[in-house]
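> model the structure of this input:
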Amino acid sequence: MLSSLVAVIPYTTHPTIELGPLTLRTFGLMTAIGVVLGIWFAAAHGEKYGMTRDDTYRLGTRMVLAGVVGARATWVATHWDQIQDPIDVIAVWEGGLQFSGGFIAAIAVGLPTFLGWSRLQRWQLLDGFAVAVLLGAAFGRLGCLAVGEHFGRESDFLLATRYDGGELREPRLGLSDSAPFIEEGTSFLNPSLYECITLFVLFGILWWILAKKPTPSTVGGIFLLTYAVQRFTYDAMRVNDERVAGMTGAQWMCLAMVPIGIYLLVKVRPALARAIADGEVGGTPVVETTTRTAGDGTTVATTKRRASSARPAHTTSAPEPGTVAVDDAPDAADGDASDAGDAAPSGDADVGPGTSPEDPEPDVDTPRSP
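Numbering: from 1, shown residues only. Next comes the predicted model:
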């Protein structure tokens, strides 16, 4: 009786969604939405720092595929007792993706590309990618809620959830044979719910910070620290996860994320701030927009896009006024027709090839209200 009065969050699972004759697996749907929105966010951010949307989509696709394989393999390895049939090994549509394995696998696949970027561009891009990861992970947690997994102990805490029905992927509150079954009216801590809310909040906060254009690596460092703290805390509540030396796989990963995050904020961030002060530049924007005032007083925006074959700038310092900035890599490697296409007056170190007369794409004038 006490639990029904105190647990104020009713909870019903929805493993599938019926759309007429079509039945959708909610976990798979939420994961797919998170992936699409995350990659879209990363692509929009990447255009500001020299990475075309197509390049981001290709990189994102490789990392997502590696992440799914790594996440599923890790989950299967730590939940072998739940594998009843060979198809269960790959049944990701029913839930069962472990973020730690997926995150490590995705980073491993993306690392060669990351190392190919210039120093500032690398952190400019990775800051945005970190925010995109939060968005994708938040929708993934919605999928976990839908299928009923990652629960905590039975509790009458104010923010506990009261189970009101639906199929559960984890029907017990614990791994032992004596662990209680979850029945209607049972109230328990729900780390999936808490983490889902936390991830959406962190996404909003880091997106806001990213929009302020802080020193590169700032957002990445904050991401590592905040994600690690919240994930370690919520994993400590879980009662159905296998543990090694008293901690889940994700908690071990979080222990590694904290010192890396601190290093980014304490060492990398100040070094990048000094590099920017000394005139070092990162990736050249793929899209540039300038505005001018027409004769009738209307503000007109002119948008230029670099050719897809053009490569982001990798200059290490801003040229002096009156000099010419030339890409330091030979055109044969870039696929460009001639050196002339890479040269531009140096009045602005961040002006990309899209502003040169050879720009193959015409300007697009978009009238705006005065």
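> mind checking the SS state of residue 51?
coil (DSSP: H, G, I helix; E, B strand; the rest coil).
> count of residues packed around it?
Neighbours of residue 51 under the rule other CB atoms under 10 Å: 24. (Glycine included, C-beta is placed from N, CA and C.)
> what's the answer for the one 3 residues further on, then?
In terms of burial, residue 54 registers 10 neighbours under the definition other CB under 10 Å.
> mind telling me what element it is part of?
When elements are defined using DSSP states H and E, residue 54 is found to belong to helix 53-78.
> the nearest residue to residue 97 once chain neighbours are set aside: what's it in contact with?
Once flanking residues are discounted, residue 97 sits nearest to residue 71: 3.9 Å by CB to CB, 6 or more residues apart in numbering. Counting by CB atoms under 8 Å, 6 or more residues apart in numbering, residue 71 touches 97, 98, 99, 101, 102, 105.
> change it to 6 Å
Applying CB atoms under 6 Å, 6 or more residues apart in numbering, we find residue 71 in contact with 97, 98, 101, 102.
> tell me the spacing between it and residue 28.
Residue 71 sits 13 Å away from residue 28, taking CB to CB, to the nearest Å as the criterion.
> what do you get for residue 77?
21 Å.
> please say which of the two ends up with more neighbours.
Neighbour count, other CB under 10 Å: between residue 77 and residue 28, residue 28 has more, with 18 against 12.
> which phi and psi does the more buried one have?
phi -60, psi -40 (degrees, to the nearest 10).
> just the pLDDT at it, thanks.
At residue 28, the predicted lDDT confidence score is 86.
> same question, residue 63
For residue 63, the predicted pLDDT is 88.
> what about the residue nearest to it when sequence neighbours are not counted, how many neighbours?
Leaving out its chain neighbours, the residue that sits closest to residue 63 by CB to CB, 6+ apart is residue 106, at 4.1 Å. Neighbour count for residue 106, taken as other CB under 10 Å: 23.
> residue 106 is in contact with residue 65, isn't it?
No: using CB atoms under 6 Å, residue 106 is not in contact with residue 65; the gap is 8.9 Å.
> secondary structure element for the residue found closest to residue 216 once you drop the neighbours it is linked to in the chain, which one?
Counting by CB to CB, 6+ apart, the nearest residue to residue 216 once its immediate chain neighbours are dropped is residue 123, at 3.5 Å. In this structure, residue 123 sits in helix 119-147 according to DSSP H and E.
> pull the residues that contact whichever helix or strand comes after that helix.
Using DSSP H and E, the next helix or strand after helix 119-147 towards the C-terminus is strand 161-165. For strand 161-165, contacts defined as CB under 6 Å, 6+ apart pick out 7, 9, 10, 11, 12, 182, 184, 186, 187, 190.
> stretch 118-134 too?
Stretch 118-134 has contacts (CB under 6 Å, 6+ apart) with 38, 41-42, 45-46, 49-50, 114, 199, 202-203, 206-207, 210, 216-217, 219-220, 223, 282-283, 314.
> among those, which lie within helices?
Assignment to helices by DSSP state H places the following of these there: 38, 41-42, 45-46, 114, 199, 202-203, 206-207, 210, 219-220, 223.
> quick one: low-confidence parts of the stretch 51-200 of the chain?
78-96 (pLDDT under 70).
> if we can go back for a sec, buried only: go through the contacts of strand 161-165 for me.
Among the contacts of strand 161-165, those classed as buried by 16 or more other CB atoms under 10 Å are 7, 11, 182, 186, 187, 190.
> now the residue most central in space within the chain: how far from residue 103?
In the chain, the residue lying closest to the centroid (CA atoms, centre = their mean) is residue 133, at 1.5 Å. Using CB to CB, residue 133 is found at 8 Å from residue 103.
> ok, residue 120 next?
Distance, residue 120 to residue 103, by CB to CB: 24 Å.
> again with residue 155
Applying CB to CB, the value for residue 155 to residue 103 is 29 Å.
> quick revisit: determine which two of the ones in helices among the contacts of stretch 118-134 are furthest apart.
The most widely separated members of the ones in helices among the contacts of stretch 118-134 are 114 and 199, with 23.0 Å between them, by CB to CB.
> more neighbours, the two?
Per other CB under 10 Å, whichever of residue 114 and residue 199 has more neighbours is residue 199, with 25 against 15.
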